[in-house]
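**Student:** Provide a 3D model corresponding to the input given below.
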Amino acid sequence: MRNVCLTVRDITNKALQQKMGYSLWAKGMTKKQLSARISRHLRLFRDHGLIRKLPNQRKYILTEKGQKLTTALSAALDASTRELLKLSA
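**Tutor:** Residues are numbered from 1 along each chain as shown. This is a model prediction of the structure:
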């Protein structure tokens, strides 16, 4: 989900279905099952304060906390093990 969150301005269940429908994360699911799984994850992200729902819409945006987390995760995933060991020492 990292790439999806970083490349869109607002997030919708439908857009996530289109982006992730052919990934291993969604393998073997019907559209209804995939929609339910995405809805559950959106709820979890909201509960943890990573995204917020736009009023009167079915769209979500990253909160400041969500932006910081995705930036940190992206940097960690792009860094090599050697670089991470240097930083931790």
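**Student:** Okay, now the unreliable bits of this structure?
**Tutor:** Applying pLDDT under 70 to the chain flags residues 1-8.
**Student:** Output the longest helix belonging to it.
**Tutor:** For the chain, the helix with the greatest residue count under DSSP state H is helix 31-47.
**Student:** I'd like the next helix or strand past that one.
**Tutor:** Next in sequence after helix 31-47, counting helices and strands by DSSP states H and E, comes strand 51-53.
**Student:** CA atoms only: put stretch 67-75 into PDB for me.
**Tutor:** Listed next in PDB are the C-alpha coordinates belonging to stretch 67-75 (Å, rounded to 0.1, in the frame of the first residue of the first chain):
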ATOM      1  CA  GLN A  67       2.500  11.700   6.000                       C
ATOM      2  CA  LYS A  68       5.400  11.400   8.400                       C
ATOM      3  CA  LEU A  69       4.900   7.600   8.700                       C
ATOM      4  CA  THR A  70       4.800   7.000   5.000                       C
ATOM      5  CA  THR A  71       7.900   9.200   4.500                       C
ATOM      6  CA  ALA A  72       9.800   7.300   7.200                       C
ATOM      7  CA  LEU A  73       8.700   3.900   5.900                       C
ATOM      8  CA  SER A  74       9.700   4.900   2.300                       C
ATOM      9  CA  ALA A  75      13.100   6.000   3.500                       C
END
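**Student:** I appreciate the help and will end here.
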